[in-house]
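[1] return atomic coordinates for the entry below.
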Amino acid sequence: MGVSATYTWLSERLDLEFEELRLLTEGPRGSVELIRHRESGRQSILRSFPGNGEVSRKLPDRSCRIK
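    Numbers count the residues shown, from 1 in each chain. Next up, the predicted model:
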């Protein structure tokens, strides 16, 4: 499954399984929403941001030593 297909699948699952309760904050760098799982009622925070996901794909390959 490619990146685009994965994003589409994940977006569809979020729409089906969760409901938006409240927009917590929104700005040019993205938004933060309070969402609830429809079946269990468990609440979660969803952070969405626009732009290219290339940076996120490269991060797992990086390491950082704590001094």
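
[2] can you give me the offset of the strand ranked longest in the chain from its chain's centre?
    With secondary structure taken from DSSP state E, the chain has its longest strand at strand 18-27. Taking C-alpha atoms, centre = their mean, to the nearest Å, one finds strand 18-27 lying 12 Å from the centre of the chain it belongs to.

[3] what packs against that strand?
    strand 30-37, strand 43-48 (3 or more C-beta pairs under 8 Å, 6 or more residues apart in numbering; DSSP states H and E). Where C-beta positions appear, they are placed from N, C-alpha and C, glycine not excepted.

[4] then stretch 46-53 to CSV, C-alphas only?
    Extracted in CSV, the C-alpha atoms of stretch 46-53 (Å, rounded to 0.1, in the frame of the first residue of the first chain):
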residue,chain,number,x,y,z
LEU,A,46,-6.2,14.4,16.8
ARG,A,47,-3.4,16.7,15.5
SER,A,48,-3.7,17.5,11.8
PHE,A,49,-1.3,19.5,9.7
PRO,A,50,-1.1,20.5,6.1
GLY,A,51,1.9,19.9,3.9
ASN,A,52,4.2,17.3,2.6
GLY,A,53,4.7,14.1,4.7
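
[5] OK, contacts around Ser31?
    23-25, 47-49 (C-beta atoms under 8 Å, 6 or more residues apart in numbering).

[6] can we see that at 6 Å?
    Counting by C-beta atoms under 6 Å, 6 or more residues apart in numbering, Ser31 touches Ser48.

[7] shaky segments in this protein?
    Applying pLDDT under 70 to the chain flags the ranges 1-3, 52-67.
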